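Asks: coordinates for the following, if possible.
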Amino acid sequence: MKAIRLIQLIWAATLVAILMTLSVNALVNAQSVKGLPFLLLAVLYLFACIRAWGPSRVAWVVALVTPVVICARWLPMVLVNVVAFVRDDPLYLDSPATIFIVAIDALILLVPSLVLIALFWRERTALQALFIAHGTGAA
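Replies: Numbers count the residues shown, from 1 in each chain. Below is the predicted model:
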């Protein structure tokens, strides 16, 4: 469980740092900040990861759901782009650096979420114990 908490905390802090840097750069260059909702979600995830060091069930729900949602959102996109790259799609023939953008997205978003999902599965009994209410007596 400590590995899950540590990986989540490091990943959440990394996401917040990256998105904050992008948002500040957009503001400095007088551009619209399109990533602001993602920054707010990353801050919420970071807060949930910090609270998950304690017994907070709500924090654990957010900490469990976020990697699953990110994986569900980014995995199909990465797979489609990898298949297109392998099949010499015209997009990749015209601009071969596109696969590097996909790889960066995959390294920042997809790989940590897949690692966390695998750790969630491995520690599923401990995670289930967090969510099962232990009664102290008869009703």
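
Asks: once you drop chain neighbours, what's closest to the spatially most central residue of the chain?
Replies: By CA atoms, centre = their mean, the chain has its centre lying nearest to Pro67, at 4.4 Å. Computed as CB to CB, 6 or more residues apart in numbering, the closest residue to Pro67 that is not its neighbour in sequence is Ser113, at 3.9 Å. The way it works is simple: take the backbone N, C-alpha and C, and place the C-beta from them, glycine included.

Asks: hang on, the one you found packs against Val68?
Replies: Yes: in terms of CB atoms under 8 Å, Ser113 counts as a neighbour of Val68; the distance is 7.4 Å.

Asks: on that earlier part again, now do the buried residues in the helix or strand containing the residue nearest to the centre of the chain.
Replies: Using DSSP states H and E, Pro67 sits within helix 57-86. Neighbour-count burial for helix 57-86, counted by 16 or more other CB atoms under 10 Å, picks out 59-60, 62-64, 66-67, 70-71, 74, 78, 81, 84-85.

Asks: ok, those vs Ala97, which is closest?
Replies: Checking the buried residues of helix 57-86 against Ala97 by CB to CB gives Phe85 as the nearest, at 11.2 Å.

Asks: so what's that closest one up against?
Replies: For Phe85, the contact set (CB atoms under 8 Å, 6 or more residues apart in numbering) comprises Tyr92, Thr98, Ile99, Val102.

Asks: Throw together a ChimeraX command that grabs the buried residues out of the residues you listed.
Replies: Typed into ChimeraX, the line below selects the buried ones among the contacts of Phe85, using 16+ other CB under 10 Å:
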select :92,99,102
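
Asks: now secondary structure, pLDDT and distance to Ile10 too, for the contacts of Phe85, in a markdown table please.
Replies: Converted to a markdown table, the contacts of Phe85 look like this (DSSP: H, G, I helix; E, B strand; the rest coil; pLDDT from 0 to 100; distance: CB to CB, whole Å):
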| residue | secondary structure | pLDDT | distance to Ile10 |
| --- | --- | --- | --- |
| Tyr92 | helix | 82 | 32 |
| Thr98 | helix | 84 | 28 |
| Ile99 | helix | 86 | 26 |
| Val102 | helix | 87 | 23 |
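
Asks: could you dump the contacts of Phe85 into a markdown table with distance to Pro37 added?
Replies: Output for these, formatted as a markdown table (distance: CB to CB, whole Å):
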| residue | distance to Pro37 |
| --- | --- |
| Tyr92 | 29 |
| Thr98 | 25 |
| Ile99 | 27 |
| Val102 | 22 |
